[in-house]
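J.: Structure here, sequence nowhere to be found:
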């Protein structure tokens, strides 16, 4: 188990001592997801959690009948897969590079990184 704490803001330029970030990918294109996972493995990102999610439109359509009149305005498919990975900034940059060069803009997942200040329980 490893515990890390970030240095004070501005002390080294990186928020975590080992440059870790939380990579979040939200993919609505299920056909592209297998290729994305393969690319992540090629990049060296081997630890991630994938969550199946439902969009707000799905909840409005199925569980809130008061909004049934809006069903025509809500896309039929509103689910996605959310991938979460604690990784290095370098690996996250390579993931972004892959998406920008290999995936059409319309097929790209929503992607973001969040700096990590502290971790516990990660295996190195």
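T.: Cool, got the structure. Keep in mind the model is a prediction, meaning the values are calculated, not measured.

J.: buried set for stretch 114-124?
T.: Using 16 or more other Cβ atoms under 10 Å as the test for burial, stretch 114-124 gives 116, 119. C-beta: built from backbone N, CA, C; applies to glycine.

J.: Please read the previous query as pertaining to stretch 42-51.
T.: 43, 45.

J.: and residue 101, how many neighbours?
T.: 7 (other Cβ atoms under 10 Å).

J.: just checking, what packs against the strand or helix carrying it?
T.: Here residue 101, judged by DSSP states H and E, is contained in helix 89-102. Helix 89-102 makes packing contacts with strand 20-27, helix 30-43, strand 110-115 when contacts are defined by 3 or more Cβ pairs under 8 Å, 6 or more residues apart in numbering; DSSP states H and E.

J.: which residues touch the last one?
T.: Where contact means Cβ atoms under 8 Å, 6 or more residues apart in numbering, the residues beyond strand 110-115 that reach it are 6, 15-16, 21-27, 89, 92, 95-96, 99.

J.: and which of those residues is nearest residue 55?
T.: Lowest distance from residue 55 to those (Cβ to Cβ) belongs to residue 26, with 10.0 Å.

J.: Settle this for me: the closest one is touching residue 79, isn't it.
T.: No. Using Cβ atoms under 8 Å, residue 26 is not in contact with residue 79; the gap is 10.7 Å.

J.: Now the two most distant members of the contacts of strand 110-115.
T.: That would be 6 and 27, which, of the contacts of strand 110-115, are the farthest apart (Cβ to Cβ) at 29.1 Å.

J.: okay, those two: which has more neighbours?
T.: Neighbour count, other Cβ under 10 Å: between residue 6 and residue 27, residue 27 has more, with 21 against 18.

J.: ok, now which ones touch the more buried one?
T.: 33, 36, 80, 81, 82, 83, 109, 110.

J.: Could you name the specific helix or strand carrying the fourth one?
T.: Put plainly, it is residue 81. strand 79-88.

J.: what's in contact with that strand?
T.: Counting by Cβ under 8 Å, 6+ apart, 18-28, 30, 33, 36, 40, 45, 47-55, 58, 109, 116, 119, 122 sit against strand 79-88.
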